[in-house]
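S.K.: Sequence and predicted model, in that order:
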Amino acid sequence: MNETSNVSSLTKPLKTVEIFQLVCYNLIVIIGIVGNSLICLAVLGQHKRKPCEYFILNLAITDLATSTVSVPLDIIEKLAGYFPYGSFFCNIIYPFQTIIMAVSIATLIAMSLERHRAIIHPLKPRIQTKMTLFIIFLFWVLSAVLVSPYIIVLKYDGTNCRGEWPGEEYIKAYTLLLFILLYVLPLLMISITYARIGRKLYEGTKKLKDVFTESVQSNTGRLIMIKRARRNNHIVKIFVTAVLAFAVCMLPNHIIWLWYDFGNVSNSSVFFQILPFGNILVYANSCINPFIFGTLQTQQCCMLKGMHMGEHQSPVRRGRFSVFSLRFSFSSSSRQRSVSLSSTSRVRSVSRQTPCYHFVARDTKEEQRRSRWRNNRNSRELKEQRMESVV
C-alpha cells in the first residue's frame with residue numbers, strides 16, 4: 001500500500017508554489033555553497049585568527065551545511081512527495097536541520113558580543129583561542145540539548161516523519177520555547193549590541209569633526225575625517241543589514257508554526273501554501289550572511305602614509321579582491337595607519353627631548369594653538385590604534 005502511494009506521489013504533477021520553492025532552493029544551494037566556501041577559504045588562509053574570525057568561520061560552516069545538506073534533502077523530499085529516508089534518518093535529518101539553525105543564531109549572538117567588546121571596551125582583554133573554540137563547541141552541545149525533545153517524539157509511519165507528542169500542551173510549550181530562544185532573545189541582544197556600537201562609532205566621528213575644526217585649514221585633517229566617517233558608516237551598515245536580515249528571514253517561519261500550534265489550523269490548506277515561503281526565507285539567510293560579513297570586494301581607498309609625508313598609498317593593490325571585507329573594515333585601517341603612527345611616535349619622542357615641534361615661531365599664539373592641536377591629534381590616533389589593534 002505504501003509503495004503504491006509512493007509511486008503515485010512521484011507521478012503527481014507539481015504545483016506552481018512547489019515549482020517556485022524548488023527554483024528558490026536551487027538558487028540558495030548555488031549561492032550558499034559559493035559564498036560560504038569563499039568565506040571558509042579566506043578565514044582558513046589566515047595564519048593567525050582572531051576570535052571573531054573563528055565565529056565567522058563557524059557561521060560559514062553552518063550556512064554551508066544548510067546549503068549542502070538541509071536544502072538538498074528538502075528538495076529530494078519535495079520531489080518524492082513523501083519522506084524517502086526511512087525510520088533511522090527520521091530522527092536525524094529534521095533535528096540536524098534545527099541544530100544547524102540554532103548554532104548559526106548562537107554564533108550571530110557571539111559575534112555581536114565580541115564586536116561590542118572590541119569597540120565599546122577596546123582595552124579589555126579579548127578571549128583566547130582555546131576559549132573561543134570551547135564556546136563554539138558549547139554552541140553545538142547546547143543546540144543538540146535544545147533539540148533533544150524533538151528527536152524523542154519523531155516517529156516514522158512508513159510515509160512521513162511526524163512528531164508524536166504526549167499532548168497538545170507539550171507542542172505549544174516547545175514551539176513557544178523555540179520562538180523565545182531562537183528569535184526573541186537573539187534579536188533583542190543583537191539589536192542592543194549593534195545599536196550601542198553604532199552610537200559609539202557615531203560619537204567617534206563627531207569628536208573627530210570637532211578636532212578638525214574650520215579654523216584649522218589642513219587637508220590632512222579633512223582626509224582623515226572623511227575616511228574615518230566612511231569607514232564607520234560602512235561598519236554600521238553591515239550591522240544594520242545583519243539585524244534586518246535575521247529579523248526578516250526568521251520571523252515568518254516562527255509565526256507560521258505559532259499559528260499552526262496555537263491556531264488549530266493543522267488541516268488548513270492555507271498553512272501548507274505559506275509554509276514553503278517561510279522555509280525559503282530561513283534557508284535564504286544562509287546565503288545572505290556571506291554577503292553581509294564577507295563582501296567580495298574590499299573598499300578601494302587611499303590612506304595617509306604619514307602626518308608630515310603628504311603621500312598616499314592604497315592599502316591593497318588595485319584589482320585585488322578579498323572575501324573577508326569585515327576583517328578589513330576593522331583592522332585594515334590600523335595596518336594602514338601603522339606607518340603613519342610609527343613616524344608620528346618618532347616625532348613625539350623627539351619632541352619630548354627638544355622644546356621645538358617643527359615650528360619656527362612657537363612663541364606666537366597661533367603656533368601654540370597648532371602645537372596643542374597636533375598633540376591632541378597624536379594622542380587620539382594612538383588611542384584609536386590601540387583600540388583597533390585589539391579588534
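M.R.: Good, I have the coordinates.

S.K.: mind checking the SS state of residue 195?
M.R.: Under DSSP: H, G, I helix; E, B strand; the rest coil, residue 195 falls in the helix class.

S.K.: now it: how far from residue 103?
M.R.: Note on residue 195: its distance to residue 103, by CB to CB, to the nearest Å, is 24 Å. Yep, even glycine has a C-beta here, placed from its N, CA and C like the rest.

S.K.: With residue 186 instead?
M.R.: Look at residue 186 and residue 103: by CB to CB, they are 12 Å apart.

S.K.: Check residue 25 too.
M.R.: According to CB to CB, residue 25 stands 21 Å off from residue 103.

S.K.: Look at residue 195 and residue 103 and report which has more neighbours.
M.R.: Using other CB atoms under 10 Å as the criterion, residue 195 and residue 103 rank with residue 103 on top: 22 against 15.

S.K.: For residue 174, give me its contacts.
M.R.: Residues in contact with residue 174 (CB atoms under 8 Å, 6 or more residues apart in numbering) are 149-150, 165.

S.K.: Is it possible to mark the buried ones in the residues you listed?
M.R.: Taking 16 or more other CB atoms under 10 Å as the criterion, what is buried in the contacts of residue 174 is 149-150, 165.

S.K.: out of the residues you listed, which are inside strands?
M.R.: Among the buried ones among the contacts of residue 174, no member falls in strands (DSSP state E).

S.K.: quick one on the thing from earlier: in helices only, show me the contacts of residue 174.
M.R.: Cross-referencing these against helices under DSSP state H gives 149-150.

S.K.: so where's the stretch 101-250 of the chain uncertain?
M.R.: 208-222, 224-225, 228 (pLDDT under 70).

S.K.: same thing but 90
M.R.: The model of the stretch 101-250 of the chain has pLDDT under 90 over residues 111-112, 114-129, 157-160, 162-164, 167-168, 194-244, 246.

S.K.: What segments of it are strands?
M.R.: Counting by DSSP state E, counting those that start in this stretch, the stretch 101-250 of the chain has strands at residues 154-156, 161-163.

S.K.: and of those, who's closest to residue 56?
M.R.: Among the strands of the stretch 101-250 of the chain, strand 154-156 comes nearest to residue 56, with 32.1 Å by CB to CB.

S.K.: Can you add distance to residue 289 and give the contacts of residue 174 back as a markdown table?
M.R.: Compiled in a markdown table, these are given as follows (distance: CB to CB, whole Å):
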| residue | distance to residue 289 |
| --- | --- |
| 149 | 28 |
| 150 | 24 |
| 165 | 32 |
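
S.K.: tell me which of the contacts of residue 174 is nearest to residue 278?
M.R.: Of all the contacts of residue 174, residue 278 sits closest to residue 150, with 17.4 Å by CB to CB.

S.K.: Just give the nearest non-adjacent residue to that closest one, would you?
M.R.: Nearest residue to residue 150, sequence neighbours excluded (CB to CB, 6 or more residues apart in numbering): residue 95, at 5.4 Å.

S.K.: And the strand or helix carrying the one you found, what does it pack against?
M.R.: Assigned by DSSP states H and E, residue 95 belongs to helix 93-120. On a contact count with 3 or more CB pairs under 8 Å, 6 or more residues apart in numbering; DSSP states H and E, helix 93-120 meets helix 51-65, helix 129-153, helix 185-211, helix 219-262, helix 269-293, helix 365-390.

S.K.: residues making contact with the second one?
M.R.: This points to helix 129-153. 49, 51, 54-55, 58, 91, 94-95, 98-99, 102-103, 106-107, 110, 127, 163-165, 174, 178, 181.

S.K.: And for residue 175, the neighbour number?
M.R.: Per other CB under 10 Å, the neighbour tally for residue 175 reads 16.

S.K.: I'd say it and residue 261 touch.
M.R.: Yes - contact status for residue 175 versus residue 261: in contact at 4.6 Å, counting by CB atoms under 8 Å.

S.K.: and residue 84, which of the three is it?
M.R.: Applying three-state DSSP: residue 84 is coil.

S.K.: What's the separation between it and residue 164?
M.R.: 20 Å.

S.K.: And for residue 37?
M.R.: Applying CB to CB, the value for residue 37 to residue 164 is 39 Å.

S.K.: Pick out whichever of the two has more residues nearby.
M.R.: Using other CB under 10 Å as the criterion, residue 37 and residue 164 rank with residue 37 on top: 16 against 9.

S.K.: My read is that that one contacts residue 64, right?
M.R.: Yes - counting by CB under 8 Å, residue 37 does reach residue 64; the two are 6.6 Å apart.

S.K.: quick one, what contacts the residue nearest to residue 150?
M.R.: Applying CB under 8 Å, 6+ apart to residue 95 gives the contacts 147, 150-151, 154.

S.K.: Thank you, goodbye.
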